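> can you look at this prediction? I've put the sequence above it.
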Amino acid sequence: MARKIRPPKKLPQQDDSWGVIVRQMRVWVNPPDEAPSRPYIMLVFNMDIGIIQRTQTFEVEPEPDEIAQILFEAMKQPPPGVGQKPHRPGQVVVETADLAGALRHELNALNVAVSVNELSMLDDMILDLEEHLRGGPEPDGLLSVKGVTPELAGGLFAAAAAFYRAEPWIHLADRQTLAIRVSPERRTRYAQVMGQAGMTYGLAMYRNWKDVERLFSFVDHPLETLPPRGGHSFTYDEITHLPFADLEALEKFGWEVAGEQAYPTPFIFTREGTARRPSAADLRWYEAALYAIPIFLREHLSPGDVGDYQPAEATLQITTHQGVKEVYLKYPGGALPRETRPAHMTDWSALDEDDDFEDEAAMPAYDRRAMEGIMAQIGAPPFEDPALQAAQEKMYKAWEEQNPARRIILAHEALDISPLCADAYVLLAEEEADTVGREMAYYRQGVEAGEKALGAAYFEEYEGHFWGLLETRPYMRAREGLANCLWQLDRLDEAVDHFRDMLRLNPHDNQGLRYSLLNLLLNMERNAEARTVIQTFEEDGMAEWTYGNALLTFKENGPGLKANRALREALSGNAFIPDYLLGRKRIPRDLPDYIGWGDENEAISYASNHLALWRRAPGAIDWLKDRLQPTSRSKRKKPKRGR
């Protein structure tokens, strides 16, 4: 509450004019766990000598008595360093008649006149302050784009709301591309639905197929995946991401928004790091496509291979703000490369082997594999072959090395010593391979090298004891990498076979392969096999296990005692996960490096890997939401007023 100040009647009066402006700022304040808000600013400006007499910010719009108090403070205490003495101005100029009427009684009693006039000379001052607080200029609004009318923007918002409610990301991953042609255009554009991973929701649009392929090709820098003319992105986010010009137009024209996280923000991002708004033609295409895609998914796509659909095409009649448009859709939009997909985006070739990493945050984390070198020194060397042992010791140094370029050099040196060094292939797959195909080739070479180094008899003698023996670990690392690459390339049956066989060799599962196998089997709808895996490791209390068991129990039995009991067990281990599965919280783009049992990082990690599984299981999300209701069924019939 503002401190009450008496009107400064005894102060001398001067014949200067003060302008008073009160504006809601184009800046968001977003404290943790609180709703975002826009502060108000009050500016008192001496229009005769060009100085600011006083500024004040408010959480909510100030009342006239608060404004009067700030004015009294400004009269009694001039800003330091300007050579002013306390005084009353001759007049105060405000922007609205309502404010003038509210202030006139108290100010006239001080012999200060009140008038109404435009104070546009203060606009630039406020804009500069807002830009400073935002950290950059405000993006243009949609209505500033040539040819964009309120009707077009309103139609776009309505289509965006319908698209968001349809949740097409439940059914399509970003690698599943659609070809779309909207009349009267003759060219075909391509689109990818974003949101299956629970991070960024919306639609990515490409003008030609080469631009799509570029996204899945190896480049030296991530920005080079953008098309030369810029990358089109239609995303949904909180209100704080909406340009203020769009927010003001939305409030003025009553455009439709589907939810608190569903404000549409179409932009074109350039390789130079700038952003601009799409053209009117692009926005008309978006409007039609956003309506058409959910209909196409619902009425024309049929299940095909695991996680995919049979090829389909259709021409739909879609009603837009301009009337009916003909929209042609085809799935898939084209054949995306698989083996040539980028494996790593970091360009290690740009690093000199003598570079030092001064920024600790940018340094690779300590590699736990380096500990195996110490273990080998304590016990007997793992390999009897002197050359292979020397190569492995070179790899122990590589695991300790912080500079990635030097690590790669050491791996090649190890292979020069012995081509049977599986760990050298593992490192090259992780850090040198530029595509998934080359990554898989390195891992396969590592598996073959490990098999030769150990020998067939070794596998028979030590089955069930792998990983406990140091000499088996390079082979097991290479085989895990190979299985994961096969998974990326949709060679799912092969990946399952590798994970199963590694668990046969190491039933204690020091590598955590059971999590990969369970996730893969659930994705493939091989539920009976998934149940067997869960029963094999029934004591596991990690979220992947308990929530995986809850989901599988629901799929097997539907909602009921068994599923509810499994869910209670999962919730007791980690109560953060439902917020991410239900969309109450967005999965962050930067996933945590480390997780702890029962913490929020574990929840983020679980949701990022399994959100699509829950969404695809019919009724699972609704069941989860219903089980988390804090009130009983009888109480839910009589909700409190206003809830």
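Noted; the coordinates are in hand. Residues are numbered from 1 along each chain as shown.
> strands of the chain, residue ranges please.
Counting by DSSP state E, the chain has strands at residues 17-24, 40-46, 51-58, 91-94, 113-116, 177-182, 189-194, 201-206, 231-237, 263-269, 275-276, 312-320, 323-331.
> need the residues that contact the shortest one.
By that I understand strand 275-276. With C-beta atoms under 8 Å, 6 or more residues apart in numbering as the test, strand 275-276 has contacts from 139-140, 230, 267-270. C-betas here are computed from N, CA, C, even on glycine.
> whichever of these end up buried, select them in PyMOL.
Entered in PyMOL, the line below selects the buried ones among these, by 16 or more other C-beta atoms under 10 Å:
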select buried, resi 139+230+267+268+269+270
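> as JSON lines, the contacts of strand 275-276 with distance to G154 and pLDDT would be great.
Shown next, in JSON lines, are the contacts of strand 275-276 (distance: C-beta to C-beta, whole Å; pLDDT from 0 to 100):
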{"residue": "P139", "distance to G154": "19", "pLDDT": "90"}
{"residue": "D140", "distance to G154": "18", "pLDDT": "92"}
{"residue": "G230", "distance to G154": "25", "pLDDT": "90"}
{"residue": "F267", "distance to G154": "19", "pLDDT": "96"}
{"residue": "I268", "distance to G154": "21", "pLDDT": "95"}
{"residue": "F269", "distance to G154": "25", "pLDDT": "93"}
{"residue": "T270", "distance to G154": "28", "pLDDT": "90"}
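> so which of the strands of the chain is nearest Y291?
strand 312-320 (4.9 Å; C-beta to C-beta).
> for the closest one, packing partners?
helix 280-300, strand 323-331 (3 or more C-beta pairs under 8 Å, 6 or more residues apart in numbering; DSSP states H and E).
> for the first one, list the C-alpha coordinates in CSV.
It stands for helix 280-300. Listed next in CSV are the C-alpha coordinates belonging to helix 280-300 (Å, rounded to 0.1, in the frame of the first residue of the first chain):
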residue,chain,number,x,y,z
ALA,A,280,-0.3,-13.5,-46.4
ALA,A,281,-0.1,-16.4,-48.9
ASP,A,282,1.8,-18.5,-46.4
LEU,A,283,-0.8,-17.7,-43.7
ARG,A,284,-3.7,-18.7,-46.0
TRP,A,285,-1.9,-22.0,-46.7
TYR,A,286,-1.5,-22.6,-42.9
GLU,A,287,-5.2,-21.9,-42.3
ALA,A,288,-6.3,-24.6,-44.9
ALA,A,289,-3.6,-27.1,-43.9
LEU,A,290,-4.3,-26.8,-40.2
TYR,A,291,-8.0,-27.7,-40.8
ALA,A,292,-7.1,-30.4,-43.3
ILE,A,293,-4.5,-32.4,-41.5
PRO,A,294,-6.6,-33.7,-38.6
ILE,A,295,-9.4,-34.8,-41.1
PHE,A,296,-6.8,-36.6,-43.3
LEU,A,297,-5.4,-38.4,-40.3
ARG,A,298,-8.8,-39.4,-39.0
GLU,A,299,-10.4,-40.5,-42.3
HIS,A,300,-7.7,-41.6,-44.6
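> could you list the buried residues of that helix?
280, 282-297, 300.
> and stretch 480-498, how far out from the chain middle?
Computed by C-alpha atoms, centre = their mean, to the nearest Å, the separation of stretch 480-498 from the middle of its chain amounts to 26 Å.
> with stretch 93-111 instead?
49 Å.
> swap in stretch 392-405?
Using C-alpha atoms, centre = their mean, the offset of stretch 392-405 from its chain centre is 33 Å.
> what residues does the residue found closest to L223 once you drop the neighbours it is linked to in the chain make contact with?
Spatial nearest neighbour of L223, chain neighbours left out: R271 (4.8 Å); criterion: C-beta to C-beta, 6 or more residues apart in numbering. Going by C-beta under 8 Å, 6+ apart, R271 touches 223-224, 226, 228, 230.
> select only the buried ones of these in ChimeraX?
To isolate the buried members of these in ChimeraX, using 16+ other C-beta under 10 Å:
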select :226,230
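> of all the contacts of R271, which two lie farthest apart?
Farthest pair in the contacts of R271, by C-beta to C-beta: E224 and G230, 12.6 Å.
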